[in-house]
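>>> Just a sequence and a predicted model for now, questions to come.
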Amino acid sequence: MEYVDVELPPPGPGEARVKHEAIGLNFIDVYFRTGLYPQPLPNGLGVEGAGIVEAVGEGVTEVKVGDRVAYAARINGAYAQQRNLPAALLLVLPERIGFDTAAAMMLQGLTVQYLFHRTVALKAGDTILFHAAAGGVGLIACQWAKVLGVNLIGTAGSDEKAALAKAHGAAHVINYNTENFVERVREITGGKGVSVVYDSIGKDTFTGSLDCLAPLGMMVSFGNASGPVPAFTLSELASRGSLFITRPALFSYASNRANLEEMATSLFGVVSSGEVQIEINQRYGLAHIAQAHTDLEGRKTTGSTIIVP
């Protein structure tokens, strides 16, 4: 990655220019940087930010100049002081939500929203397994699960991270470096297994995650932090009790304005009420983005991370 000056043209039809006040850091940025998710080069990185609308192009109706907005968009380019992007991707922020919180929560918070309400409609009393429970997505998930009355079993890589997840609402937390998470899940559930596993780790946890599921359970593979999931046969699902599996992505669930607004309203509601609090534990200057990636990949971060332009 290089930190360079580029000239930004006026926003085109349907576009708005946003002056960033804060930018989100997410593992999807690493996937694009490493080439796991391909994109044309040279190009920018970053899919999440919050700031003020400085200009709008022809035909824009969603926002106006001066609006406080935030976004999570599949279009890379958030690692910048300003950017142009389609106005239909921007969401006007409630007054109670600041720029730092917004930049830290949009991608991760909308991810938990669709995972818990759309991929599987969780209900009170459900028991689920959520990997990386002390990460940005994980801490939001711990809190939101508690709001819903869901028993969340989390995994984390250290006792400190396990304690953090427990403090944010996880019913149980397993340190996968000192405990066998499959055995512990079976122990916690009395041998029954869980109804849903949410796995953003990928290669290192995939098979174990399947082994944690109850018959007819759902495996939700929504990330690849340890590398892509290896090839497997569908008979592995049948032999474990006719399991289901899905590989969802936020931008499929938020593919139109109506869905995006409905999901954002849900997220803004639990954050504005204080039921879900966004934990920002790291801040980096934009010029130090390489160090931010190094720390994220090295699992040295907890909660959410923002970049300050």
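Nice, thanks for sending it over. Numbers count the residues shown, from 1 in each chain.

>>> What separation do you get for the residue nearest to the spatial centre of the chain and Ser200?
The centroid of the chain falls nearest to Gln108 when counting by Cα atoms, centre = their mean (2.7 Å). Relative to Ser200, Gln108 is positioned 10 Å away (Cβ to Cβ, to the nearest Å). For the C-beta atoms, the positions are set from N, CA and C on the backbone; glycine is no exception.

>>> any residues in contact with both of the two?
Taking Cβ atoms under 8 Å, 6 or more residues apart in numbering as the contact rule, Gln108 and Ser200 both touch Val137.

>>> And what about the residue nearest to the centre of the chain, helix, strand or coil?
helix (DSSP: H, G, I helix; E, B strand; the rest coil).

>>> residues contacting it?
24, 26, 136-137, 140, 304.

>>> now those: which count as buried?
24, 26, 136-137, 140, 304 (16 or more other Cβ atoms under 10 Å).

>>> Spatially, what comes nearest to the spatially most distant residue from the centre of the chain if we skip its sequence neighbours?
Largest separation from the mean C-alpha position in the chain: Glu58, at 32.1 Å (Cα atoms, centre = their mean). Excluding its sequence neighbours, the residue lying closest to Glu58 (Cβ to Cβ, 6 or more residues apart in numbering) is Pro13, at 4.4 Å.

>>> Surely that neighbour forms part of a helix?
No. Read with three-state DSSP, Pro13 is coil and lies in no helix.

>>> Assess the claim that it and Asn84 are in contact.
No. Pro13 is not in contact with Asn84 according to Cβ atoms under 8 Å; the separation is 11.1 Å.

>>> more crowded one of these two?
When neighbours are counted by other Cβ atoms under 10 Å, Pro13 and Asn84 differ, and Asn84 comes out ahead with 21 against 11.

>>> hang on, the earlier thing: quickly list what's touching both of Pro13 and Asn84.
By Cβ under 8 Å, 6+ apart, the residues touching both Pro13 and Asn84 are Gly57.

>>> re the thing from before, would you mind measuring from the residue nearest to the centre of the chain to Arg240?
Distance from Gln108 to Arg240, by Cβ to Cβ: 29 Å.

>>> Break down the stretch 201-309 of the chain into its strands, ranges please.
213-221, 244-246, 280-285, 304-308 (DSSP state E, counting those that start in this stretch).

>>> Pro42 is nearest to which of the ones you listed?
strand 304-308 (19.2 Å; Cβ to Cβ).

>>> quick one, the closest one and strand 280-285 angle?
Counting by axes from the mean of the first three to the mean of the last three Cα atoms, to 10 degrees, strand 304-308 lies at 20 degrees to strand 280-285.

>>> List the pairing partners of strand 304-308 within its sheet, with orientation.
strand 15-24 (antiparallel), strand 280-285 (parallel) (DSSP bridges).

>>> Show me what secondary structure element comes after the longest one.
Proceeding N to C from strand 15-24, the next assigned helix or strand is helix 27-34, under DSSP states H and E.

>>> For that next one, name the packing helices and strands.
helix 289-297 (3 or more Cβ pairs under 8 Å, 6 or more residues apart in numbering; DSSP states H and E).
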